[in-house]
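In: Quick one, structure for this:
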Amino acid sequence: LYKKNYAKAREYLALMSVTTIPAEIYYIHFNLRYLKNLTYYLYTGKMRYYKEVITVIDMIESFGDARLAEGMKKEMLQLTAGRTFNLDYGQFPVNIVTEK
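Out: Numbering: from 1, shown residues only. Okay, the predicted model is just below:
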């Protein structure tokens, strides 16, 4: 992903999708879900993949692994720096503005 070789990343993810991983090893499932959606977001720019990345990070954080969640947040920020969203039809970013 850091070399922006998204086709190769998708190949690796496809290999993992045919590998049987026991359900009780949920960290691997979370990591694969995170990597899959991050790869597809970087490749397509579609907001739904970005939202899924955030959801996975939030789930990991809710399980109490703040260090892993923070690492994922930093990685995501590094990889998405300067990118713009490719919004799906009917989706708009929400900004909250408050007066001080």
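
In: ok, which stretches of the chain are helices?
Out: Applying DSSP state H to the chain gives helices spanning 6-17, 26-44, 47-62, 66-80.

In: CA atoms of the third one as CSV?
Out: In this case it means helix 47-62. Presented in CSV, the C-alpha positions along helix 47-62 are these (Å, rounded to 0.1, in the frame of the first residue of the first chain):
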residue,chain,number,x,y,z
MET,A,47,-16.4,6.9,0.9
ARG,A,48,-18.1,3.6,1.9
TYR,A,49,-14.7,1.9,2.2
TYR,A,50,-13.3,4.8,4.3
LYS,A,51,-16.3,4.5,6.6
GLU,A,52,-15.7,0.7,7.0
VAL,A,53,-12.0,1.4,7.9
ILE,A,54,-13.2,3.8,10.6
THR,A,55,-15.7,1.1,11.8
VAL,A,56,-13.0,-1.5,12.2
ILE,A,57,-10.8,0.9,14.1
ASP,A,58,-13.6,1.8,16.4
MET,A,59,-14.4,-1.9,17.0
ILE,A,60,-10.7,-2.6,17.9
GLU,A,61,-10.7,0.4,20.2
SER,A,62,-13.9,-0.8,21.9
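
In: Report all helices and strands that it contacts.
Out: Counting contacts by 3 or more CB pairs under 8 Å, 6 or more residues apart in numbering; DSSP states H and E, the secondary-structure elements packed against helix 47-62 are helix 26-44, helix 66-80. Placement of C-beta: from N, CA and C, glycine included.

In: which of those helices sits most buried?
Out: helix 26-44 (a mean of 18; mean count of other CB atoms under 10 Å).

In: which residues are in contact with it?
Out: 1, 4, 6, 9-10, 13, 16, 21, 23, 46, 49-50, 52-53, 56-57, 59-60, 68, 72, 76, 79-80, 83, 86 (CB atoms under 8 Å, 6 or more residues apart in numbering).
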